[in-house]
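1. Build me a structure from this.
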Amino acid sequence: QLQVAESGGGLVQPGESLRLSCAFSGFERSYGAIGWFRQAPGKEREGVSCIATSDGSMYYHEFARGRFTISRDNAKNTVYLQMDSLKPEDTAVYYCAAEYGVGAYPCRPTRFNRWGQGTQVTVSS
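-> Residues are numbered from 1 along each chain as shown. The predicted structure follows:
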């Protein structure tokens with residue numbers, strides 16, 4: 001059964017960096033996608049970045065380009081989200097999710113059906 005679990009959240013100051021990890025298991029096909037999403041209090045869950053497990057193709061939503069980097073380590077069954085130059089508006093619960101599909105796009109919550117429990121990221125001075 002396809003499963004994912006996030007880790008690595010925490011409290012950081014504006015301008016600092018944080019790396020989130022998403023451990024996945026149970027992929028029974030050679031293709032699929034892992035995505036990072038976030039949800040701030042009172043807001044809808046939104047896409048951050050997604051990566052295809054087959055060819056490593058990536059997609060970033062506009063706010064994440066240039067500051068966030070998604071990567072994968074298939075040997076460790078882990079996808080990372082490196083977040084640099086963090087801002088207070090990046091504060092949210094970050095989720096990773098997985099599904100069987102081709103490509104990193106669309107990177108929308110409605111596409112994914114296996115979700116982790118979320119990890120809190122707080123950016124505050």
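2. hang on, Leu11 packs against Thr91?
-> No. Counting by C-beta atoms under 8 Å, no contact exists between Leu11 and Thr91, whose distance comes to 9.4 Å. (Each C-beta comes from the backbone N, C-alpha and C, glycine too.)
3. so what sits against both of the two?
-> Between them, Leu11 and Thr91 share the neighbouring residues Thr122, Val123, Ser124, with contact defined by C-beta atoms under 8 Å, 6 or more residues apart in numbering.
4. who has more neighbours, Leu11 and Thr91?
-> Regarding Leu11 and Thr91, a neighbour count based on other C-beta atoms under 10 Å identifies Thr91 as having more, with 18 against 12.
5. Tell me who's in contact with that one.
-> In this structure, Thr91 makes contact with Ala40, Val121, Thr122, Val123, Ser124, judged by C-beta under 8 Å, 6+ apart.
6. give me the number of residues near the third one?
-> So that's Thr122. When counting by other C-beta under 10 Å, one arrives at 15 neighbours for Thr122.
7. what's the spacing between the residue nearest to it when sequence neighbours are not counted and Ser21?
-> When the adjacent residues along the chain are set aside, Thr122 lies closest to Leu11, with 4.6 Å between them (C-beta to C-beta, 6 or more residues apart in numbering). With distances defined as C-beta to C-beta, to the nearest Å, the gap from Leu11 to Ser21 amounts to 17 Å.
8. Likewise for Gly10?
-> Distance of Gly10 to Ser21, computed by C-beta to C-beta: 12 Å.
9. of those two, who's got more company?
-> Neighbours of Gly10 and Ser21, each counted by other C-beta under 10 Å, are more numerous for Ser21; the result is 17 against 12.
10. hang on, the earlier thing: list just the nearest of the shared contacts of Leu11 and Thr91 to Leu81.
-> Sorting the shared contacts of Leu11 and Thr91 by distance to Leu81 puts Val123 at the head of the list, at 14.2 Å, by C-beta to C-beta.
11. roughly how far apart are the closest residue to the closest one other than its chain neighbours and Pro109?
-> In space, not counting the residues next to it along the chain, Val123 is nearest to Leu86; the distance is 4.5 Å by C-beta to C-beta, 6+ apart. Per C-beta to C-beta, Leu86 is found 22 Å from Pro109.
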